[in-house]
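Undergrad: Here is my input; please provide its structure:
(one chain, ligands or ions: 2)
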Amino acid sequence: MKMAFDAQNTNRRVHYYFLYTAIILFWIKSYLAFHYEFNLDIENVMQSFILIIAPISSTLFFFGLSLFFRGKWHPFSILAIDFFLTVLLYANILYYRFFNDFITTPDIMQFKNFSQLEGSAHALTRPLDLFYWLDFVILIGLIWLMKPSTDNSKRDRKRIVTLYTLAFSIFLVNLTLAEGQRSQLLTRAFDRAKLVKLLGLYNYHVYDAIINVRTSTQKAFADSSSAIQIQNYIKSNRVQPDPDFFGIAKGKNVILISLESTQNFLINKKIHGEEITPFLNKLSKETFYFNNFYHNTGQGKTSDAEFLIDTSLYPLPRGAVFTTNAHNQFEATPSILNKHGYTTAAFHGNHKSFWNRDIMYNTLGYEHFFSEQDFNVTDENSINYGLKDKEFLNQAFPKLRALKHPFYTKFILLTNHFPFILDHGDTDFARGDTGDGVLNRYFQTAHYEDEALKQFFNQLKTSGLYNQSVIILYGDHYGISENHYKAMAKVLGIDHVTPYDHYQLQKVPLFIHIPGMDGKKSKVMETVGGEIDLKPTILNLLGIQTDDAIVFGSDLFSKERLSFTVFRDGSAVSDKYVYGNRQQKCYEKPNGDQVDMSLCEDIRKSAQQDLMFSDKMIYGDLLRFIDHK
Ligand code: GP9
Ligand code: MN
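TA: Ligands and ions are numbered 1, 2, ... in the order given. Model (predicted):
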């Protein structure tokens, strides 16, 4: 009796040891893979520490499942778990060696992209890869030697609770440290590389799967009748283009340039007696310069601006639509223009998966995407998120010239990005003296961006591209957040930044150069508009009918359009009023006096309806129900 009891006890201990061995081996293996296989750009000691602990919570979670299997099934369930997780890890390693990116849930579900790997499997595998399967072999050996098993007793159930509590606590610690490195990591989901770096590969997969399930469920419950309702709403708001502008740039190229974090207050502003953006200031006199143009972005920042411009739909209230709904159907400008014989390309000096661009650009219809890997990026010529603007535009220029005409291209600048840093020698423009380092440096990086644009425009002019292309420059979103409004008030020469001023600060500059129009009809355009309006504006300039298009914006050159735009937080602005949704208050322009709410009722309601319908369109993937002629 006693002997049987002892044997049972030893067996149980053995089975725990077996489980712990499996967990520890898998943890070590995962860490080594994260460290040696993936280029995660570890920036500090904390990030190195996070990388070590990142695999633990999910390893405990998955291996813990084995405790639900009794007797001899228990060690075999451990083997199976180890096998599946190793397949996932190794598939990611091969995928990364080929695509420089991580596997996504749709890749797994639709078995996409893997066929490309098959062909080069030989070139992608290395003899040392056998290491990734070593723990599996060790576990088989241990089963054979030790014959671990479990009886699923009370003690086992206690062990389950302890193990999952531990897994959950470690996950919370991991998440807290990760948020310290990058706040709003989960809500904004910047890119796969960041999620893997800060949460580990397995947590990334769990997260990605949850996002995908959520998106698919929303789609599954959508029906085509709402699509028709929204189509009618859009039809009733449609405005006619100005015949003087419709088709004025027919067959011309389009060059869009996203000016990182560039706010409109910079235009014609001087600090210490010098213009911050002399080139843009000059441009504001030569081209169409819109000085009441606003960004409509949410948490997806640059990517939201890109989304607005190419689709004329609003980005989402939470997260970045580039990440959450990249597999929707859209009728975006690049895909429309592809059908009209245009070559379409995007250029950006950061990693291609940032904001899920590599996938979303495909959905939007970009035929080519020149990202970090297509440029020569070194420590000297890059800073912060990637290639410095001057270097980026310079290297991109020959690629642009090689494109078949007509083309639709966009360039996403980077250097004027928080925390606004430059290397010594990048600019001789003096810092501001506002007492706020961020704002002081902002003037320098904005000036640097301005110089980069000047250099690019010179290239465009000498090559003749300038006269063959509509060129559109827009600020993507604000650069100076509310945390810096004290210094901002100084710069603006006001006491403090009021809520009304805050909305004014959401203005970003917009310039449109139309070949043959410089200096003639060109003038400062006062109409209130936003990024949402660029798609119909561009298509009309190119002479492409947008009568049936699902667009929430309106052509900025149309004489019929309402001078109006919507903020992603539900606020709105017209030529007369500003409605602040956060404050639920109405302000009158130009002084910002608070007036009766009834005066803002129209714009408040339009904003609410626009956002509601646009969100419905995206969540339900409703464009799939609409026949695009
Ligand atoms: C990153 C760049 C900056 O690639 O577009 O993104 P942001 O933080 O401005 O959205
Ligand atoms: Mn940006």
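Undergrad: which parts of this structure sit against ligand 1?
TA: Within the chain, the positions near ligand 1 by C-beta under 6 Å from any ligand atom are 301, 302, 350, 354, 385, 412, 414, 417. To be clear about C-beta, it is placed using only N, CA and C from the backbone, and glycine gets the same treatment.
Undergrad: Now do the SS call for the closest residue to ligand 2 within the chain.
TA: Here the chain gets closest to ligand 2 at one residue, residue 302, 3.3 Å apart by C-beta to the ion. Assigned with DSSP: H, G, I helix; E, B strand; the rest coil, residue 302 falls in the helix class.
Undergrad: Need the residues of the chain next to ligand 1 in CSV (columns: neighbour count).
TA: Below are the residues of the chain next to ligand 1 laid out as CSV (neighbours: other C-beta atoms under 10 Å):
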residue, neighbour count
301, 22
302, 25
350, 22
354, 22
385, 17
412, 25
414, 23
417, 22
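Undergrad: Using JSON lines, lay out those residues together with pLDDT and secondary structure.
TA: Output for the residues of the chain next to ligand 1, formatted as JSON lines (pLDDT from 0 to 100; DSSP: H, G, I helix; E, B strand; the rest coil):
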{"residue": "301", "pLDDT": "92", "secondary structure": "helix"}
{"residue": "302", "pLDDT": "96", "secondary structure": "helix"}
{"residue": "350", "pLDDT": "94", "secondary structure": "coil"}
{"residue": "354", "pLDDT": "90", "secondary structure": "helix"}
{"residue": "385", "pLDDT": "90", "secondary structure": "coil"}
{"residue": "412", "pLDDT": "98", "secondary structure": "strand"}
{"residue": "414", "pLDDT": "97", "secondary structure": "coil"}
{"residue": "417", "pLDDT": "95", "secondary structure": "coil"}
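Undergrad: Save these as CSV, and put in distance to residue 92 too.
TA: CSV is the format used below for those (distance: C-beta to C-beta, whole Å):
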residue, distance to residue 92
301, 27
302, 27
350, 21
354, 18
385, 24
412, 27
414, 27
417, 29
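Undergrad: quick one on the thing from earlier: can you get me a residue count around the nearest residue to the residue of the chain closest to ligand 2 once chain neighbours are set aside?
TA: Excluding its sequence neighbours, the residue lying closest to residue 302 (C-beta to C-beta, 6 or more residues apart in numbering) is residue 476, at 4.9 Å. By the measure other C-beta atoms under 10 Å, the count of residues near residue 476 is 26.
Undergrad: What is the subsequent helix or strand relative to the least confident helix or strand in the chain by mean pLDDT?
TA: Averaged element by element with mean pLDDT, DSSP states H and E, the chain has its least confident helix or strand at helix 114-124 (a mean of 72). Using DSSP states H and E, the next helix or strand after helix 114-124 towards the C-terminus is helix 134-146.
Undergrad: buried ones in the helix or strand following that next one?
TA: As assigned by DSSP H and E, the chain's next helix or strand after helix 134-146 is helix 154-181. Neighbour-count burial for helix 154-181, counted by 16 or more other C-beta atoms under 10 Å, picks out 156, 159, 163, 167, 170, 171, 174, 175, 177, 178.
Undergrad: looking just at contacts, which helices and strands does helix 154-181 meet?
TA: helix 2-37, helix 45-64, helix 185-188, helix 192-199 (3 or more C-beta pairs under 8 Å, 6 or more residues apart in numbering; DSSP states H and E).
Undergrad: between those helices, which gets nearest to residue 128?
TA: helix 2-37 (9.6 Å; C-beta to C-beta).
Undergrad: give the contact list for the residue of the chain closest to ligand 2.
TA: For residue 302, the contacting residues are 258, 260, 355, 412, 476, 477, by C-beta atoms under 8 Å, 6 or more residues apart in numbering.
Undergrad: one step back: can you pull the buried residues of the least confident helix or strand of the chain?
TA: Neighbour count says helix 114-124 has 114, 124 buried, by 16+ other C-beta under 10 Å.
Undergrad: Residues of the protein that sit close to ligand 2?
TA: Taking C-beta under 5 Å from the ion as the criterion, the chain approaches ligand 2 at residues 260, 301, 302, 476.
Undergrad: How about residue 197: what's its closest non-neighbour residue?
TA: Once flanking residues are discounted, residue 197 sits nearest to residue 40: 4.1 Å by C-beta to C-beta, 6+ apart.
Undergrad: tell me which element whatever residue of the stretch 1-150 of the chain ends up closest to ligand 1 is part of?
TA: Closest contact between the stretch 1-150 of the chain and ligand 1, by C-beta to the nearest ligand atom, is at residue 41 (13.1 Å). Using DSSP H and E, residue 41 sits in no helix or strand.
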